[in-house]
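Peer 1: sequence plus predicted model, see below.
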Amino acid sequence: MKFGAKQNLRFFLFPLCCSFFLGFNVAEADSDERNVVRLGISNFALPNPNVTLYNRTIDTIREVVAPQKLVVKQYSPEHLAAKAEEDKLDLVFGSSGFYRRTALETGHKELVSISSDDYPNPNFNDGSSLVVRSDRKDIKTIHDLKRKVLVANAPFTFTGYIAAMGAIAAEGEDSETFFSKKIFKGEGRTMVNVARDVIDGKADVGVLRLCMLERLEENGSIPKGSLRVLNNKAESLEKCQRSTDLYPGWTVSSTPRASSGLIKKITRALLEQKPTAMGYRDKLSVC
């Protein structure tokens, strides 16, 4: 049940003021429900720099709940909210967009959120980029995308689609009817396929998660400079270009099934969890 990658990431307290299936070793449910704690994790598109932190988080929670058994299961974001109730989940690990969309319905309560060295404020940690071919002189603004072809990974993913549609709506356009066609590559190792569809002319614009363009260029998956970010809102010291506002990073939340004692133990342990790279101290961020 290990992902794999290395990143300077840590957990922060994230108060209320403010993919694909990777082969988890899902444990068999204990016949006595009192001996089981259930964790649901949202699928995510690859490559993803946070996978080491996801693994460490699972290990930390397993240590905290022992001798109870931790049962881990991965879900499509499309079905996670419904499955949280159906499968009697105690904890959910997914995008902040998922949490915000479902919290009022499900009664989930956020516990901690991811932050990184590049984006140290957990309230402003994630976003999306609308990318076009660098030689498309006819596309200079979001409005120039009207009646064009969009490619993204899936319509229910937050930084893979929804956040970008919010940027289009912010420009006064109707994201539902704005494009002539939308191509969805599906969950899994799809970010590079989104980028390549734009480069190959199969789509006019693609949606990439924050920093994905830079990462695909760095690892040689796409030619450097082949794509550019439309409506770049990044500030001067930001590492990555983006077309959207910044949003909170992935969040661990509890469901109404989780006891207050369990919530306290897990929150404390995750806040004390070491970063996934050497030389960085854990921090506590309060709005």
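Peer 2: Arrived safely.
Peer 1: show me where the stretch 151-287 of the chain has strands.
Peer 2: 181-184, 205-209, 227-230, 251-254 (DSSP state E, counting those that start in this stretch).
Peer 1: want to try JSON lines for these, with mean neighbour count and distance to S42 as columns?
Peer 2: Every residue, glycine included, has its C-beta placed from N, CA and C. Formatted as JSON lines, the strands of the stretch 151-287 of the chain follow (neighbours: other Cβ atoms under 10 Å; distance: least, Cβ to Cβ, whole Å):
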{"stretch": "strand 181-184", "mean neighbour count": "15", "distance to S42": "17"}
{"stretch": "strand 205-209", "mean neighbour count": "29", "distance to S42": "13"}
{"stretch": "strand 227-230", "mean neighbour count": "20", "distance to S42": "25"}
{"stretch": "strand 251-254", "mean neighbour count": "24", "distance to S42": "10"}
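Peer 1: between the ones you listed, which one is closest to T60.
Peer 2: Ranking those by proximity to T60 (Cβ to Cβ) places strand 251-254 first, at 10.1 Å.
Peer 1: what is that closest one packed up against?
Peer 2: Secondary-structure packing of strand 251-254 (3 or more Cβ pairs under 8 Å, 6 or more residues apart in numbering; DSSP states H and E): strand 91-94, helix 96-106, strand 109-116, helix 260-271.
Peer 1: for the longest one, list every residue counted as buried.
Peer 2: Judged by neighbour count using 16 or more other Cβ atoms under 10 Å, the buried positions of helix 260-271 are L262, I263, I266, T267, A269, L270, L271.
Peer 1: and of those residues, the nearest to V37?
Peer 2: L262 (7.0 Å).
Peer 1: hang on, isn't that closest one packed against V36?
Peer 2: No: between L262 and V36 there is no contact, the gap being 11.8 Å when judged by Cβ atoms under 8 Å.
Peer 1: what lies in contact with the strand or helix carrying E78?
Peer 2: Here E78 sits within helix 77-86, counting by DSSP states H and E. Outside helix 77-86, the residues that touch it by Cβ atoms under 8 Å, 6 or more residues apart in numbering are 40, 42-43, 75, 89, 92, 94-95, 98, 101-102, 105-106, 108, 154, 156-158, 255.
Peer 1: poorly predicted segments of the stretch 51-200 of the chain, please.
Peer 2: 101-104 (pLDDT under 70).
Peer 1: can you give me the helices in it?
Peer 2: Secondary structure of the stretch 51-200 of the chain (DSSP state H, counting those that start in this stretch): helices at 51-65, 77-86, 96-106, 163-170, 191-199.
Peer 1: may I see those organised as a markdown table, with distance to I222 and mean neighbour count added?
Peer 2: Below are the helices of the stretch 51-200 of the chain laid out as a markdown table (distance: least, Cβ to Cβ, whole Å; neighbours: other Cβ atoms under 10 Å):
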| stretch | distance to I222 | mean neighbour count |
| --- | --- | --- |
| helix 51-65 | 21 | 19 |
| helix 77-86 | 25 | 18 |
| helix 96-106 | 26 | 18 |
| helix 163-170 | 18 | 20 |
| helix 191-199 | 5 | 22 |
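Peer 1: on that earlier part again, nearest to V194, out of the helices and strands packed on strand 251-254?
Peer 2: helix 96-106 (17.9 Å).
Peer 1: can you pull the contacts of R136?
Peer 2: Counting by Cβ under 8 Å, 6+ apart, the residues that R136 touches are D204.
Peer 1: let me know the distance separating it from N232.
Peer 2: 15 Å (Cβ to Cβ, to the nearest Å).
Peer 1: could you do A66 as well?
Peer 2: 47 Å.
Peer 1: returning to what we had before: out of the contacts of helix 77-86, which are buried?
Peer 2: Buried, going by 16+ other Cβ under 10 Å: 40, 42-43, 75, 89, 92, 94-95, 98, 101-102, 106, 108, 154, 156-158, 255, out of the contacts of helix 77-86.
Peer 1: neighbours of S76, how many?
Peer 2: 16 (other Cβ atoms under 10 Å).
Peer 1: in contact with it, which residues?
Peer 2: Neighbours of S76 in contact, by Cβ under 8 Å, 6+ apart: S42, N43, F156, E187.
Peer 1: what do you get for R147?
Peer 2: F178, F179, S180.
Peer 1: top of these by neighbour count?
Peer 2: Going by other Cβ under 10 Å, F179 tops those with 21 neighbours.
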